[in-house]
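>>> please find the sequence and the predicted model below.
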Amino acid sequence: MARRDRPRVLLLTSSPLDGAEGCDVRLASNVLETLPDFDFVWFTQWPEGRQDPPRRGRPVRILSRDGVPHIPQRIQAALAGAVFARRVDLVHAFLTVGRTFPVFSRLRPLLLGGRPVVHTVPGVMDSRFLTHTRPLGTTVALSESMARRLRAADFGDVRVIPPMIDLDAWPYLPRPRGYPVVLFAGHHDPKGGADAAIDSAAEAWREGARFRLVLAMRGRPGQNPTLLNEALRERAGAAGLPDVEVMGYVEDMRALIATVHVLLFPPTVLGGKADIPLTVLQSLASGRPAVLSDLPQFADFGHAVLRAPTGDARRTGQQLAWLLDQPRSWDVLAERGRSLIEDHFGPERFAARHAALYRELLS
């Protein structure tokens, strides 16, 4: 390996950094953007990716038409990772623990060689997958709750580094005027929160609250978003909600969140979604209060959000109705949410923790 002034790090993701947006890609991109003292190797979409790809480091091409991590893209990433893992000083993997991860983890010596490895776990699709999984190296969890789960599964050295929000890109916004808008943003995963959001919103409507419910739904590979979105509309109609909009993937979440009064996110399980969903952080940074289910991961938000028992649509709807009717409480929660993001999810803290971990492993 040629001598270099700065250590070289492979950002191992299952899809290109300039492809479809996802938590793993967002986390890897944030590392790339905030650690100027390291050189990075990362995967780029070919023949064409986003209009604003990262400008640092060495891009490695992966054939992908849509930037989504389909099976061919995952295979390419694994093979490219096996090649470049031997040409860098450190490997940083951003991989959700899903169905194929146990096999990948057992092939770790063959695929990643002897370089030190950091593995950021965006989420765990099913706890059963942890049973046959081996740690890739030093593991990074996004929350204390996830860190406890991983340590209990014998992951050994587990650190906690929360995700980051660019505070300049997500400024605090005043409360929107006009008819209230309630937002759910997520996937069509079973128990992922979309159905629960409709049921909870229906309860709030019966409590006397008046608002428009917007469901921003993002499809996964192999799904038919058109049929799934229509099923949500039918469920909302059957629940008695008269003002509901179901939309697909949203290119400009900043513009959408600017119109929103409350984020409603009541999943029973997070599944393949990030352990700390970025939409929640983006909403809180923008001064948009959130009503969440009482999952262990959300305990880290403390009194900056409202939480209701998981699966309890009645209680969740009551909290939503109360918040929409209490402008002073809305203001308090909006300020608490922004303060929480500034104190715990800012880029300086994110960068400092990753840089310290890198130097520790490279020393």
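Perfect, thanks for sending it.

>>> buried sites along the lengthiest helix in the chain?
Ranked by number of residues, the top helix in the chain under DSSP state H is helix 327-344. When neighbours are counted by 16 or more other Cβ atoms under 10 Å, the buried residues of helix 327-344 are found to be 330, 333-334, 336-338, 340-341, 344. Heads up, the C-betas are built off the backbone N, CA and C, glycines and all.

>>> quick one, helices of this structure?
According to DSSP H, the chain carries its helices in the segments 23-34, 71-84, 101-106, 108-112, 144-152, 194-206, 225-239, 253-258, 278-285, 313-324, 327-344, 347-362.

>>> what sits up against the third one?
Under the criterion Cβ atoms under 8 Å, 6 or more residues apart in numbering, residues 78, 95, 111, 129, 131-136 lie in contact with helix 101-106.

>>> return the member of the buried residues of helix 327-344 nearest to Ala308.
Nearest to Ala308 among the buried residues of helix 327-344, counting by Cβ to Cβ, is Leu333 at 14.2 Å.

>>> any idea how far that closest one is from Ala304?
Distance, Leu333 to Ala304, by Cβ to Cβ, to the nearest Å: 7 Å.

>>> next: Pro102.
Distance, Pro102 to Ala304, by Cβ to Cβ: 36 Å.

>>> Ala334 now?
With distances defined as Cβ to Cβ, the gap from Ala334 to Ala304 amounts to 9 Å.

>>> closest to Asp66 out of the buried residues of helix 327-344?
Nearest to Asp66 among the buried residues of helix 327-344, counting by Cβ to Cβ, is Ile341 at 31.0 Å.

>>> isn't that closest one up against Leu284?
Yes - Ile341 lies in contact with Leu284 (Cβ atoms under 8 Å); the separation is 5.3 Å.

>>> what is the neighbour count of the nearest residue to Val31 once chain neighbours are set aside?
Closest residue to Val31 apart from its sequence neighbours, by Cβ to Cβ, 6 or more residues apart in numbering: His354 at 5.8 Å. Here the number of neighbours of His354 (other Cβ atoms under 10 Å) works out to 24.

>>> what sits against His354?
With contacts defined as Cβ under 8 Å, 6+ apart, the neighbours of His354 are 31, 34-35, 161.

>>> ok, it to Ser105 distance?
Between His354 and Ser105 the distance is 22 Å, computed by Cβ to Cβ.

>>> related to what we said a few turns ago, out of the contacts of His354, who has the most neighbours?
Counting neighbours by other Cβ under 10 Å, Val31 comes out on top of the contacts of His354 with 25 neighbours.

>>> contact partners for Ser145?
Listed by Cβ under 8 Å, 6+ apart, the contact partners of Ser145 are 275, 295-297, 299-300.

>>> ditto for Ser127
Ser127 touches Arg149, counting by Cβ under 8 Å, 6+ apart.

>>> and with 10 Å instead?
Applying Cβ atoms under 10 Å, 6 or more residues apart in numbering, we find Ser127 in contact with 97, 149, 152-153, 269.

>>> local confidence estimate at it?
Taken from the predicted model, the pLDDT recorded for Ser127 is 87.

>>> setting aside sequence neighbours, what's the nearest residue to Arg134?
Ser105 (4.5 Å).

>>> cool, Leu27 as well?
Of all residues beyond its chain neighbours, the one nearest Leu27 is Phe94 (5.3 Å), with distances taken as Cβ to Cβ, 6+ apart.

>>> and for that neighbour, the neighbour number?
Phe94 - counted by other Cβ under 10 Å - has 24 other residues nearby.

>>> beta partners of it?
Each beta-bridge partner of Phe94 is listed here, defined by DSSP bridges: Thr120.

>>> so it makes contact with Val117?
No - shown here, Phe94 and Val117 do not form a contact pair, counting by Cβ atoms under 10 Å, at 11.6 Å.

>>> OK, contacts around the residue nearest to Ser329 when sequence neighbours are not counted?
Once its chain neighbours are removed from consideration, Ser329 has its nearest residue in Leu323; the separation is 6.4 Å (Cβ to Cβ, 6+ apart). Leu323 is in contact with 180, 182, 204, 209, 261-262, 264, 289-291, 306, 329-330, 333, counting by Cβ under 10 Å, 6+ apart.
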